[in-house]
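> Compute the structure for the input listed below.
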Amino acid sequence: MRGLIFLHRGVTSNLVTNPQDVHKSGDAGNVSPLQFTTQLPRLMPLGVAALGILLIGVGIFWEYFKTHQNPSSKNSSQKLVVGEEGMVASVAGVKNQVKGRTIFVDVSGAVEKPQVVEVPYDSRVKDVLIAAGGLTPKADRNYVSKSINLAQKVQDGTKIYVPAQGEMVSVSAPQVSGNSGQLGIQGNLININEASESELDSLPGVGPVTAQKIISGRPYQEVSELVSKKIVNQSVFDKIRDKVAAY
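Numbering: from 1, shown residues only. Predicted coordinates for the structure are as follows:
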């Protein structure tokens, strides 16, 4: 029994004090659990370092992905209006284009500054009179209040005349010429940028559906865009080309 105990102690001592004897035996593929345990403290720092490098790499990749994603996706929230023919126009773009336009109106008669004034696109008669300095003390204010619609929108090339007190004014002669009171009609031409659906519907070959398509396709720089934008076909355009205008 003592001999067995002594032998056991000797083997244990030999394993602890000579952990590399396995390599000396020539069998490099057989590593004892005890030998692996003795090398584990030296391997742990390498594992921690490798994990840290991996995490840093993932972080760099994520930052790159966020800053280089497709810029078109950032604009996907922009609101768009789609016409009946599939035409797409930016709401903001249309508003800015119309907002930046100006028109010229000839103001004469009993106003402080009779002249051709430049006013914003959507101005009304009242705005034009203010731009001309307002009415003079001699202006026939009673006639203005009864016969001139101050809330009426004006169009490019409109003529406004303010009579003086006691001046004989023809009842048949409009004092806001070039604009009949119907927003889309100037003279005998229908302005396709401002005409109402009923005004457009009065054109030959144009019904309620086409009239709505014309309104949806605004603004127009020239009347030929009715064809290029596929609002009407060529045969209908030939019927209305002398009856419409774009301004």
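
> pull the CA atoms of the longest strand seen in the chain into CSV?
For the chain, the strand that runs over the most residues, judged by DSSP state E, is strand 102-109. What follows is strand 102-109, C-alpha atoms only, in CSV (Å, rounded to 0.1, in the frame of the first residue of the first chain):
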residue,chain,number,x,y,z
THR,A,102,-44.8,89.5,-60.9
ILE,A,103,-47.3,91.2,-63.2
PHE,A,104,-47.6,94.8,-64.5
VAL,A,105,-50.8,96.8,-64.2
ASP,A,106,-51.5,100.3,-65.7
VAL,A,107,-53.1,102.6,-63.1
SER,A,108,-54.4,106.0,-64.2
GLY,A,109,-57.0,108.6,-63.2
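
> So which elements touch the next helix or strand after it?
For strand 102-109, the following helix or strand on the C-terminal side (DSSP states H and E) is strand 115-120. Other helices and strands packing on strand 115-120, by 3 or more C-beta pairs under 8 Å, 6 or more residues apart in numbering; DSSP states H and E, are strand 102-109, helix 125-131. Where you see a C-beta, it was placed from the backbone N, CA and C, and this is true even at glycine.

> What distance do you get for residue 164 to residue 239?
According to C-beta to C-beta, to the nearest Å, residue 164 and residue 239 sit 45 Å apart.

> er, residue 199 I mean
Relative to residue 239, and taking C-beta to C-beta, residue 199 is found at 16 Å.

> Between the two, which has more neighbouring residues?
When residue 199 and residue 239 are compared for neighbours, residue 199 comes out ahead with 18 against 13, by other C-beta atoms under 10 Å.

> roughly how far apart are that one and residue 116?
27 Å.

> now residue 247
Using C-beta to C-beta, which is the criterion applied here, residue 247 is 16 Å from residue 116.

> And for residue 107?
For residue 107 relative to residue 116 (C-beta to C-beta), the value is 8 Å.

> try residue 216
34 Å.

> With residue 108 instead?
Where residue 116 is concerned, residue 108 sits at a distance of 9 Å (C-beta to C-beta).

> Can you show me the strands along this structure?
Going by DSSP E, the chain shows strands at 80-82, 88-90, 102-109, 115-120, 159-162, 176-177, 185-186, 189-191, 244-245.

> Each with direction, which strands does the fifth one pair with?
Using DSSP bridges, strand 159-162 pairs in its sheet with strand 102-109 (parallel), strand 176-177 (antiparallel).

> do you know which of those strands lies nearest residue 222?
Closest to residue 222 of these is strand 102-109 (C-beta to C-beta; 16.7 Å).

> For the closest one, buried residues please.
Under the neighbour-count criterion of 16 or more other C-beta atoms under 10 Å, strand 102-109 has 103, 105-107, 109 buried.

> That one vs strand 115-120, what angle?
Going by axes from the mean of the first three to the mean of the last three C-alpha atoms, to 10 degrees, strand 102-109 is angled at 150 degrees with respect to strand 115-120.

> Pull the residues that contact strand 102-109.
Residues outside strand 102-109 that contact it (C-beta atoms under 8 Å, 6 or more residues apart in numbering): 113-121, 123, 128-129, 131-132, 139, 154-164.

> More neighbours: residue 247 and residue 116, which one.
Neighbour comparison, residue 247 and residue 116: the larger count goes to residue 247, with 18 against 12 (by other C-beta under 10 Å).
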